[in-house]
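Asker: predicted model, plus sequence, below.
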Amino acid sequence: MDEYDVVVVGAGPAGSTAARFAAEKARVLLVDKHREIGSPKRCGEGLTLDAFRDLDIPLDKRFINKKIYGSVVYAPGGGKIEIRYDEPAGYIIERKIFDKFLAAEASRKGVRVLADAYATLNTVNGRIMGVRIRHQGEEREIKAKVVIAADGVESQIARQAGINTALNPRDIDSCFEYEMSDIKIEDPNMIHAYLGNKIAPGGYIWIFPKDDDRANVGVGVCGGERETAKYYLDRFIKSRPDLRGGSILEVNVGCIPVGASLKELVRDNLMVVGDAARQVNPVHAGGVHNAMLAGKLAGTTAAETIDSQDLGILKRYELGWNSSKGKQLERILRIRYFMRKLGDGDMDYLTRVWDGGDLIRVSEGDWGVALKKMAEHPRLLKLLKKFV
């Protein structure tokens, strides 16, 4: 039997970050079920500059495809809101390389990393003792004082621990994405998002440029729609002469949890982070930055727990997240529910009265000035009172 202080299951951004910070005071094992960390990717691959700053990640050319100077959001009627900066606000990254980079950085801090290792929770008389892994055909038992579940939206580890991870279908976005080349991008220095109940009900279509003529082109639609996400994306591409002649280099399919983050993030000696904990922005469905922030908090808390030998310290992770980022995501979730009620005409109206700053604040859970700008639209104000 192998023994570690901390075992992290899942080597995505949340798991690798948690492992990296836990290793400051603990012996850490990081396992991932995939044969290659970072693959398959399930992501538009956009990451803000703040994420690099917050997590002290270098701007490494190996995983950065393109500098992004802002975004353009298009309403169904053709109106748009543009958010443009003089300096890069973010980057389109190569997730397969980025995720592997994060895992390698964790290994340099002393973390043992194992790919192709499928893990299940190991409990004895209801007590979490660690995990069992199947690594390249070999069954192994890993004893650990703390287990961190970072195994994605389908998290089995949290469920095996008895945490309720069930999601309402309306709180799941079904996503389908092509990486396309030889296409025309109106402004390849910006990301582009298209709204509309006919275009992408409950979500949006995105174009995230990776080169001047190559981009991730994808869609997220609310769970429970009659048609598939692929149907909406294919229809959009066929309607666009700038896209329909392009080549498809890669196809990615997945689901994103866009409900409120889990309230129970700690049970006994287990913590849950990242998509497994639903730590995703419900409006734009971005989760990498939040996942790494949660991973840092969980990893630091795990290190303090091992150092003090007091498992009660683990609760600080849950309390810390729920009192800060968790509350913000709850406000953003109410905005998501409000936006689900909007008709295409309502979206057209908002693009006329909102500017880029309003859109940013709303996506972060703050109505502010944006609320006042809806004062002349009685129906929207009445609808808003149900969610604010």
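Answerer: Perfect, thanks for sending it. Numbering: from 1, shown residues only.
Asker: please look at residue 364 and residue 328 and confirm they touch.
Answerer: Yes: the pair residue 364 and residue 328 passes the contact test of Cβ atoms under 8 Å, sitting 7.1 Å apart. No exception for glycine: its C-beta is placed from N, CA and C like everyone else's.
Asker: tell me where the stretch 151-300 of the chain has strands.
Answerer: Residue ranges of the strands in the stretch 151-300 of the chain, as given by DSSP state E, counting those that start in this stretch, are 172-181, 191-194, 204-209, 214-222, 247-257, 266-267, 270-272.
Asker: most neighbours per residue, which of those?
Answerer: Across these, averaging neighbours per residue (mean count of other Cβ atoms under 10 Å) puts strand 270-272 on top, at a mean of 29.
Asker: hmm, who's touching it?
Answerer: When contacts are defined by Cβ atoms under 8 Å, 6 or more residues apart in numbering, strand 270-272 is touched by residues 18, 121, 128, 146-150, 155, 157-158, 161, 163, 262, 264-266, 298, 301-302, 314, 317-318.
Asker: need the strands of the stretch 151-300 of the chain in JSON lines (columns: mean pLDDT and distance to residue 9).
Answerer: Below are the strands of the stretch 151-300 of the chain laid out as JSON lines (pLDDT from 0 to 100; distance: least, Cβ to Cβ, whole Å):
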{"stretch": "strand 172-181", "mean pLDDT": "95", "distance to residue 9": "22"}
{"stretch": "strand 191-194", "mean pLDDT": "98", "distance to residue 9": "32"}
{"stretch": "strand 204-209", "mean pLDDT": "98", "distance to residue 9": "29"}
{"stretch": "strand 214-222", "mean pLDDT": "96", "distance to residue 9": "26"}
{"stretch": "strand 247-257", "mean pLDDT": "95", "distance to residue 9": "17"}
{"stretch": "strand 266-267", "mean pLDDT": "96", "distance to residue 9": "14"}
{"stretch": "strand 270-272", "mean pLDDT": "98", "distance to residue 9": "10"}
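Asker: which one, of these, ends up nearest to residue 230?
Answerer: Nearest to residue 230, of all the strands of the stretch 151-300 of the chain, is strand 172-181, at 4.5 Å by Cβ to Cβ.
Asker: what's in contact with that closest one?
Answerer: 42, 44, 202-203, 210-211, 213-223, 225, 228-230, 232-233, 237, 243, 246-259, 285.
Asker: tell me what the helix or strand hosting residue 3 is packed against?
Answerer: Using DSSP states H and E, residue 3 sits in strand 2-9. Judged by 3 or more Cβ pairs under 8 Å, 6 or more residues apart in numbering; DSSP states H and E, strand 2-9 is in contact with helix 13-22, strand 28-31, strand 127-135, strand 138-149, helix 288-308.
Asker: what's the fourth one packed up against?
Answerer: What it means is strand 138-149. strand 2-9, helix 13-22, strand 117-124, strand 127-135, helix 157-160, strand 270-272, helix 288-308.
Asker: can you mark which positions in that strand are buried?
Answerer: Judged by neighbour count (16 or more other Cβ atoms under 10 Å), strand 138-149 contains these buried residues: 142, 144, 145, 146, 147, 148, 149.
Asker: just flag the most distant two among these.
Answerer: Across the buried residues of strand 138-149 (Cβ to Cβ), the longest gap, 15.0 Å, separates 145 and 149.
Asker: who's in contact with stretch 234-251?
Answerer: Counting by Cβ under 8 Å, 6+ apart, 176-186, 194, 199-200, 205, 214, 217, 219 sit against stretch 234-251.
Asker: if we can go back for a sec, kindly reformat the helices and strands packed on strand 138-149 as CSV containing distance to residue 357.
Answerer: Formatted as CSV, the helices and strands packed on strand 138-149 follow (distance: least, Cβ to Cβ, whole Å):
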stretch, distance to residue 357
strand 2-9, 38
helix 13-22, 28
strand 117-124, 44
strand 127-135, 46
helix 157-160, 37
strand 270-272, 34
helix 288-308, 20
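Asker: tell me which of those is the most buried.
Answerer: Of these, helix 13-22 is the most buried (mean count of other Cβ under 10 Å), at a mean of 32.
Asker: how is the chain carved up into domains?
Answerer: 2-68+91-166+259-328, 169-257, 334-384 (automatic domain parsing).
Asker: quick one, which of those domains gets closest to residue 79.
Answerer: domain 334-384 (3.9 Å).
Asker: may I have the distance across that closest one, first residue to last?
Answerer: Start-to-end span of domain 334-384 (Cα to Cα, to the nearest Å) is 9 Å.
Asker: and for stretch 176-192?
Answerer: Termini of stretch 176-192 sit 16 Å apart (Cα to Cα).
Asker: wait, doesn't residue 335 sit right on residue 362?
Answerer: Yes: at 6.0 Å, residue 335 counts as touching residue 362 under the criterion of Cβ under 8 Å.
Asker: shared neighbours, the two?
Answerer: residue 283.
Asker: sorry, back to before: need the helices and strands packed on strand 2-9 in JSON lines (columns: distance to residue 112 and mean pLDDT).
Answerer: Shown next, in JSON lines, are those (distance: least, Cβ to Cβ, whole Å; pLDDT from 0 to 100):
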{"stretch": "helix 13-22", "distance to residue 112": "9", "mean pLDDT": "98"}
{"stretch": "strand 28-31", "distance to residue 112": "5", "mean pLDDT": "98"}
{"stretch": "strand 127-135", "distance to residue 112": "12", "mean pLDDT": "96"}
{"stretch": "strand 138-149", "distance to residue 112": "10", "mean pLDDT": "96"}
{"stretch": "helix 288-308", "distance to residue 112": "15", "mean pLDDT": "97"}
